[in-house]
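Visitor: Sequence first, predicted model second:
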Amino acid sequence: MNPTLLIVDDEKHTREGLRASLEDSFDVYIAADIAGALAVLEREQVDLVLTDLRLGAENGMQLVDAVLARAHPPVVVMMTAYGTIDTAIEAMRRGAHDYVTKPVNIDRLEILLQRALRSQKVEKEVHELKQQVDKRYGLERLVGDSAAMQEVYDTVRQVAPTRATILVQGESGTGKELVAQAIHALSGRPKAKFVTVHCAALSPQLLESELFGHEKGAFTGAGERRIGRFEQANGGTLFLDEIGEIDHATQVKLLRVLGEERSFERVGGNATIKVDVRLVAATNRDLSKMVQEGKFREDLFFRLSVVPITMPPLRVRKEDLPVLVRSMTKHFSEENGKPLRELSDEAMEAVLAYDWPGNVRELRTAVEHGVIMAGAQKIGLRDLPAKVRSGGGQAGVAPGVSFAGGAQSAERLNVEHMEDVLISQALEQTKGNVTQAAKKLGISRRTLHRRLKEKEKEKEKEKEKEKPVDRA
């Protein structure tokens, strides 16, 4: 089966000539203008688009943007006269694969088109491979491309196959349990049990029994022998959440089971039980500070933190917000039987400005609220929780920046600073492709263009201010 090619040119003899020359290698569709091209794309699965930059009174660049904004865009190759090569290069910066100059050399064009197809195939294979790898590593539930999250992924991949005890640190709601599950998925024992204990939810006596089990009659109410979580997790992974809440007596017993012998006794029992358990612990507290205060054993702290992993709070990785929001809107739309809607530009700006003290957990709640409340084609600002709309989370001031204009001025400037950072990162990651950068940011291309123009004007004003005044 031949790949499909859409040729767009307002000159009939050109598009018909190209079709006749290329139809042995491609299933060719033709269109004379942007509307015709988009109509073909709506009804046919197209692999390649070959378009002229000048389509009568229309600008072929508009077609490039429209094609590349599709969910699964075909490869775009431009045709241009010699005098408009700069425009063709601009189209490549926006995401077009390559360009050819008129008059077109058919042999070179066919080679270029085949090469573009191979490039697209490789990109798809790499993307699919990454998805398979992430699934294998249990990372598919962790979302984010920021440098802070990449560091987490790298550490998980490196340490998960080992037997090392892992301490996952971070604020509440940052996804510490997801990291523990990812470690288990890559541990070499993914089919074994993943057992979770929330340490803060149990009294010291109940926690000891929960972890190590008890013998019949060990204490009032112990009517029969009970197998503890260490035994249940034998051969698998035990995740101890909120490890900083355990009492000293349990710390001592836990220290022993983390030793070389990996053994313990049930509460009220004498028999030594050995287990093969991978331990991952998590805390939102500063254990090193607790050690200094005498609230946590130093030797246990060292045993637990053979490899520490710190989950970054959402406020320091705001570049991940657009992709997190898209993932969550899809999930909650399906879960609640609602049509899939994206956030309006105004709503996304509020999401980016808010500080998210509850981290990803709070973001999930806010997005679900928006999905449920949305009545229009997009999730608007009014569909978000009130504190997100009003910017209730106080954004942290960027290091090294001082403000003399009061709290409101500081907040405004800090939001603008964060917006500049996010835009710069998005453009860098997409190699200057404005359309793709806008998609990453979760805003329209028009909004991003407007912000870039505003920033350019601001820079020009600053340059004017810096010019020396001629007082002659």
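Guide: That came in fine, so what should we check first?
Visitor: Strands of this protein, residue ranges please.
Guide: Under the criterion DSSP state E, the chain contains strands at 4-8, 27-31, 48-52, 54-55, 58-59, 75-80, 98-101, 166-169, 194-198, 237-241, 263-264, 273-274, 278-283, 307-310.
Visitor: would JSON lines of these with mean neighbour count, distance to L68 and mean pLDDT be doable?
Guide: Placement of C-beta: from N, CA and C, glycine included. Shown next, in JSON lines, are the strands of the chain (neighbours: other CB atoms under 10 Å; distance: least, CB to CB, whole Å; pLDDT from 0 to 100):
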{"stretch": "strand 4-8", "mean neighbour count": "23", "distance to L68": "14", "mean pLDDT": "95"}
{"stretch": "strand 27-31", "mean neighbour count": "19", "distance to L68": "17", "mean pLDDT": "94"}
{"stretch": "strand 48-52", "mean neighbour count": "24", "distance to L68": "9", "mean pLDDT": "94"}
{"stretch": "strand 54-55", "mean neighbour count": "20", "distance to L68": "16", "mean pLDDT": "87"}
{"stretch": "strand 58-59", "mean neighbour count": "15", "distance to L68": "15", "mean pLDDT": "86"}
{"stretch": "strand 75-80", "mean neighbour count": "24", "distance to L68": "7", "mean pLDDT": "90"}
{"stretch": "strand 98-101", "mean neighbour count": "17", "distance to L68": "14", "mean pLDDT": "87"}
{"stretch": "strand 166-169", "mean neighbour count": "24", "distance to L68": "39", "mean pLDDT": "96"}
{"stretch": "strand 194-198", "mean neighbour count": "19", "distance to L68": "41", "mean pLDDT": "94"}
{"stretch": "strand 237-241", "mean neighbour count": "24", "distance to L68": "43", "mean pLDDT": "95"}
{"stretch": "strand 263-264", "mean neighbour count": "18", "distance to L68": "60", "mean pLDDT": "90"}
{"stretch": "strand 273-274", "mean neighbour count": "14", "distance to L68": "59", "mean pLDDT": "92"}
{"stretch": "strand 278-283", "mean neighbour count": "26", "distance to L68": "41", "mean pLDDT": "96"}
{"stretch": "strand 307-310", "mean neighbour count": "17", "distance to L68": "37", "mean pLDDT": "95"}
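Visitor: So A37 sits against V49, correct?
Guide: Yes. Here A37 reaches V49: they are 7.2 Å apart, a contact under CB atoms under 8 Å.
Visitor: what is in contact with those two at once?
Guide: Counting by CB atoms under 8 Å, 6 or more residues apart in numbering, the common neighbours of A37 and V49 are 6, 8, 63, 67.
Visitor: Look up the closest residue to the second one, ignoring the ones flanking it.
Guide: Distance criterion CB to CB, 6 or more residues apart in numbering; nearest residue to V8, sequence neighbours excluded, is T51 at 3.9 Å.
Visitor: The one you found pairs with what?
Guide: V8, M78 (DSSP bridges).
Visitor: Can you give the domain ranges for the chain?
Guide: What automatic domain parsing lists as the domains of the chain is 4-131, 147-312, 313-462.
Visitor: before we move on, back to that, now, which of the shared contacts of A37 and V49 sits nearest F302?
Guide: The closest of the shared contacts of A37 and V49 to F302 turns out to be V67 (CB to CB; 56.9 Å).
Visitor: So that closest one is in contact with L41, correct?
Guide: Yes. Applying CB under 8 Å, one finds V67 in contact with L41, separated by 6.9 Å.
Visitor: Check the separation of the first and last residues in stretch 58-76.
Guide: Chord length of stretch 58-76, first to last residue, is 17 Å (CA to CA, to the nearest Å).
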